[in-house]
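Here's my sequence, what's the structure:
(chains A and B)
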There are 2 protein chains.
Amino acid sequence: MNLHAVYHRQKSNYAYAYGKDCLHIRLRTAKDDCTRVNIVIGQKHRWEEKESRPMKKIASDHLFDYYQYEVYEKILRLGYYFELSDGEEDYIYSESGFTKTYDDENAYFHYFQFPYLNEADILKVPSWVRETVFYEIFVERFCNGDKENNTKELTPWTEAPGPHSFYGGDLKGILEKIDYLSELGINGIYLTPIFTSPSNHKYDTVDYREIDPMFGDKETLCELVKKAHEKGIRIILDGVFNHSSWYFPPFLDVVKKGEASKYKDWFYINSYPVKKYREEEVNDYSRPLNLSGLNYHVFATSPNMPKLNTENKELRKYLLDSVAYWMKETRIDGWRLDVSDEVSHDFWKEFRKVVKEINPEALIIGENWHNAYPWLRGDEFDGVMNYPFTKTAIQFFTTGEKSAKDLAADLSEYFMWNYEQADAAMLNLLESHDTMGFLRWCGEDERKFRMALLLLFSYPGMPCLYYGSEIGLTGDGDPDCRRTFDWNEKNWNQELLLFCKNLISLRKSKKTLACGDLRITAGEDLFYLERRHLNERIITILNNTKKEVHYAIPEGGTVLLTTGELKNEHIIPAFCGVMMEVK
Amino acid sequence: MNLHAVYHRQKSNYAYAYGKDCLHIRLRTAKDDCTRVNIVIGQKHRWEEKESRPMKKIASDHLFDYYQYEVYEKILRLGYYFELSDGEEDYIYSESGFTKTYDDENAYFHYFQFPYLNEADILKVPSWVRETVFYEIFVERFCNGDKENNTKELTPWTEAPGPHSFYGGDLKGILEKIDYLSELGINGIYLTPIFTSPSNHKYDTVDYREIDPMFGDKETLCELVKKAHEKGIRIILDGVFNHSSWYFPPFLDVVKKGEASKYKDWFYINSYPVKKYREEEVNDYSRPLNLSGLNYHVFATSPNMPKLNTENKELRKYLLDSVAYWMKETRIDGWRLDVSDEVSHDFWKEFRKVVKEINPEALIIGENWHNAYPWLRGDEFDGVMNYPFTKTAIQFFTTGEKSAKDLAADLSEYFMWNYEQADAAMLNLLESHDTMGFLRWCGEDERKFRMALLLLFSYPGMPCLYYGSEIGLTGDGDPDCRRTFDWNEKNWNQELLLFCKNLISLRKSKKTLACGDLRITAGEDLFYLERRHLNERIITILNNTKKEVHYAIPEGGTVLLTTGELKNEHIIPAFCGVMMEVK
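Here you go, the predicted structure:
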């Protein structure tokens, strides 16, 4: 047996409360190594009544198999260990390592344990995540609804954007298009930042209590939220608490007064006076900025975005009061948190308390590009933007770096990183305002894009479409990925739009896609993703090769959707995906 | 290369802030597998300046080697991956798994990262832990100082205890013996609970704001703390927040008023009326109690200890206000937390905020018998009672289940479970009020006990002696391990006492024992534990076999202490340990 591969840790993603009446206990082994994996589990104070139960293999990646046992009964002060066999060797695996027998006399010294299921520690995600399809809107580029509120010179709507272009998109524009969104079928909107800011993207906030006048005002937002809610659409805002704009009045005060400023601890200032840059040189992306004299912490390499010291109590109160203000005043449904991995866990823990106290059903999504488990243990976020999903999708569908087996392995591995309820609250995406458009990644090959969408809507978590992708809008990296939405329907890719509508409709109507278990496998050519709920199975099959591939529809299977045309039911064409239902 | 063995996770015990200017990054590989382990590390926004640096092997257990790299410079938004070689194969190991090359063009997708070092998230343990030797006192059995405060019938001091015996030990008794403790050399005292309670152990609190009258009162405690502080001795109290006594007035109120009680949510009551047991039947340990009708949650199987619902806001305020009260009124130096693993993380996070706000140098020690990493990430405890250390010590020194190599592997593994600062704040122990005496485990073979003590004082973390063990006091499991301290010096094991004094003195005087790095190895017979600080090394060698073993004192080595008599400098006798210094 490959003992090096065996892994379990108590009170981690390998042993967590899924709900107040359910624990998930997982064990990792080497792939295809064990023939029998049992858990021996009992109450610590009634250890003599312990029982051995088989565990279920729920995932496999390149190197490992993952087994799970779900505990539903008697969840009280549990001790447990594992019994492993590869057909030749048998081992007990406990916190004391690998042994041939278990020392019941000193049982308490050796078992893993789940000491107590405390409800306060359960990761509770909003009940609505499983039925939600998100749509990200880069507000400045979606629709210019209010022609009167544009105080900056606007670039013509149809021109490609530069880094500092303004087009006039606003909240009223979204309100005007709410019927379009409702007909598209999405029921969640993630808005890029809307608070007062000098930039088009508004990731540099000047006033956390005011909506940018070019976007509207509090009343416009209230109206938008109200109208969206009437249509069954939820709205989350983008919260930028890692840094502010250098025009944020407290920062201006520090620049002006230096160490005498009462706001000096709201930022990370290394020395005084604060180094000043001209706006023109900061905005001139054509030449590198000399940062050698920069004496305060900033976001990335941007002097116009000073990093906020969220440990400062006054600043923290200002930010969290702002969070509460918007939630109470406008009834928004949650937050997407910018650069969330660079802000302290300590801040997010308090943030979550504030948000969930106001609305336990509010959603909290972090912008973490990597394994975000440390933020998803119950006391910080519900989910994150699932960029690892994006990464493997790019590598499989577009660059050809990954095979079907690689994709299956990657997605299975990522799914095991977190508690299952966090996986359900992931914001899964193919593209965003920070990436090249996925269709562009695909070299404009729509067949691949459709397959990727099919995968996006088959995988657990919340699919998130980037505005316009449903009509064929795409682009290179920032700023080209922030093009305006073309409202001239004649220019739309109507077939793609219909495909997206069908996908969204399926996702919302099929309980199995919302709640089903996940099992991913792959052959040399085909990738299989299966969701299973009660007696229903939905299977997505992708053929991301240049050739037709023979396959068999399982008995009782009916095709729900295909990304291309099927010639017959035994052949899946090149670059084609099929979603089918089996009852 | 054994890829299954390779392990790293960002922002975990494999990548954590050791201080505000230091990160520890660790990687696990299969034992004796890799010939080269490098980390490639760079700032995310200056990735082109990344550098490859060798990692240092810091520990080995049965299956794995552990490598560490300490980052001291430019700790700002780090990306990193690993370069591994076993002499035949080379691999890159990143968050994207094992590859042959690293994709620098899409670097941000693949590296592990330490996004930002937020000071608020650092696990900060009291600065004094490294120089502290603890002494656990079971208050009721140490010394009866005040003969007037004994309201229960006392068992004669020299008789062996039953589960319900009272002897009259109290705070004044400890005060009387403070010179003894000071001469012994210990500089930390952990007192078992002292708040009002009907039992001799007082793990069932009736009033969290009063000291048990048989133990003294607030003034006695203040005097004890003051006197101890004058002697350079710190005192921590035992906080029992998992459960109370059934005589806790709020519980009595629930028993009396049922659902109408305003305290009903302070406990976990399944149905009303609350099932009553007679005190006599609960206290009669000779026959099993019928718990089938028990309708409220309790500690273990004890109806006289109802579990507290620490999520209830009023109860939480009462408990945390009590914590603050004792810290402010008496200047105690911290808390040992009873049954800490069954109380919610959510409660402990708030507990830590309260405690550290009052005194950042206060110590928080959990009673966790197992891997306590989930409680030791910076926002709950500083350390825990190190029962895994106890377990392997028992198995090596007393039951013979473990060899020198096993002991080396176990201790190395446990040391890798946590951040190094948590390892320094562990309360390491051979025995407590909850275990059989270690000397008894040794079959009264003092040679083995001395070796175990030598190990206890060599290992990082705070050694904790159980009262009386220094004079030869021991016993079977509870209640026999709670015998009275015999103050008749004629009955003391004076040689053992002298040995303990020497050990304590060495531990406090040798910076290397306080702060040195740890490296543990073993041969077939001998166990080696080395601490290294600057140019000094202290090496502890244990021969836990029946035979003499030849060994070589390293050049420049001088013996600091032995557990037995050395015939010559090349032979270590059977069941003997040596601590030596090498400069």
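
use CA for all of it now, contacts and neighbours both
Noted.

got the contact list for the closest residue to chain B within the stretch 401-550 of chain A?
The nearest approach of the stretch 401-550 of chain A to chain B comes at residue A:410, 8.4 Å away (CA to the nearest CA). Residues in contact with residue A:410 (CA atoms under 8 Å, 6 or more residues apart in numbering or on different chains) are A:61, A:62, A:392.

With residue A:217 instead?
Contact analysis of residue A:217 by CA under 8 Å, 6+ apart lists A:210, A:211.

How about residue A:579?
Residue A:579 makes contact with A:454, A:538, A:539, A:540, A:541, A:559, A:560, A:561, A:562, according to CA under 8 Å, 6+ apart.

picking that back up, can you add neighbour count and distance to chain B and give the contacts of residue A:410 back as a markdown table?
Shown next, in a markdown table, are these (neighbours: other CA atoms under 10 Å in any protein chain shown; distance: CA to the nearest CA, whole Å):
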| residue | neighbour count | distance to chain B |
| --- | --- | --- |
| A:61 | 22 | 11 |
| A:62 | 18 | 9 |
| A:392 | 23 | 9 |
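
now the closest residue to residue A:449 other than its chain neighbours: how far from residue A:432?
Excluding its sequence neighbours, the residue lying closest to residue A:449 (CA to CA, 6 or more residues apart in numbering or on different chains) is residue A:439, at 5.7 Å. Here the distance between residue A:439 and residue A:432 works out to 12 Å (CA to CA, to the nearest Å).

Identify all contacting residues around the helix or strand of chain A with the lowest mean pLDDT.
Lowest on mean pLDDT, DSSP states H and E among the helices and strands of chain A sits helix A:279-283, with a mean of 92. With CA under 8 Å, 6+ apart as the test, helix A:279-283 has contacts from A:289, A:302, A:303, A:304.

ok, of those residues, which one's closest to residue A:153?
Among the contacts of helix A:279-283, residue A:304 lies closest to residue A:153 (CA to CA), at 21.1 Å.

Could you list the contact residues of chain A toward chain B?
Where chain A comes near chain B, counting by CA under 8 Å from any CA of the partner chain, the residues are A:3-5, A:10-12, A:30, A:45, A:63-64, A:77, A:95, A:109, A:112-113, A:115-121, A:300-301, A:311, A:341-346, A:369-371, A:374, A:388, A:391.

List the ones among those residues that fall in helices.
Per DSSP state H, helices hold the following members of the residues of chain A next to chain B: A:109, A:345, A:346, A:388, A:391.

tally of neighbours for the second one?
Yep, that's residue A:345 we're talking about. When neighbours are defined as other CA atoms under 10 Å in any protein chain shown, residue A:345 has 19 of them.

And for the third one?
Around residue A:346 sit 19 other residues, with neighbours defined as other CA under 10 Å.

Please look at it and residue B:122 and confirm they touch.
No. Judged on CA atoms under 8 Å, residue A:346 makes no contact with residue B:122 at a distance of 9.9 Å.

circling back: list the contacts for the residue nearest to residue A:449?
Going by CA under 8 Å, 6+ apart, residue A:439 touches A:445, A:446, A:449, A:472, A:474, A:475.

helix, strand or coil for the fifth one?
For residue A:474, the secondary structure call by DSSP: H, G, I helix; E, B strand; the rest coil comes out as coil.

tell me the contacts of it?
Neighbouring residues of residue A:474 by CA under 8 Å, 6+ apart: A:436, A:437, A:438, A:439, A:440, A:468, A:481, A:483.

Mind listing what's buried along the longest helix along chain A?
If you go by DSSP H, chain A has its longest helix at helix A:313-330. Under the neighbour-count criterion of 16 or more other CA atoms under 10 Å in any protein chain shown, helix A:313-330 has A:315, A:316, A:319, A:320, A:321, A:322, A:323, A:324, A:326, A:327, A:330 buried.

So of those residues, which two are at opposite extremes in space?
By the measure CA to CA, A:315 and A:330 form the most distant pair in those, at 22.3 Å.

hang on, the earlier thing: which among the contacts of residue A:439 end up buried?
Taking 16+ other CA under 10 Å as the criterion, what is buried in these is A:446, A:449, A:472, A:474, A:475.

I'd like those residues laid out as a markdown table, including pLDDT.
Compiled in a markdown table, the buried ones among the contacts of residue A:439 are given as follows (pLDDT from 0 to 100):
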| residue | pLDDT |
| --- | --- |
| A:446 | 98 |
| A:449 | 98 |
| A:472 | 98 |
| A:474 | 97 |
| A:475 | 96 |
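
ok, back up a step: Throw together a PyMOL command that grabs the buried residues out of the residues of chain A next to chain B.
To isolate the buried subset of the residues of chain A next to chain B in PyMOL, counting by 16+ other CA under 10 Å, use the following:
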select buried, chain A and resi 3+4+5+10+11+12+30+64+77+95+109+112+113+115+117+118+120+121+301+311+341+342+343+344+345+346+369+370+371+374+388+391
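
can you map out the helices along the stretch 201-350 of chain A?
In the stretch 201-350 of chain A, helices defined by DSSP state H, counting those that start in this stretch lie at A:218-230, A:249-257, A:279-283, A:313-330, A:345-358, listed in chain order.

If anything else comes up later, I'll come back, but that's it for now.
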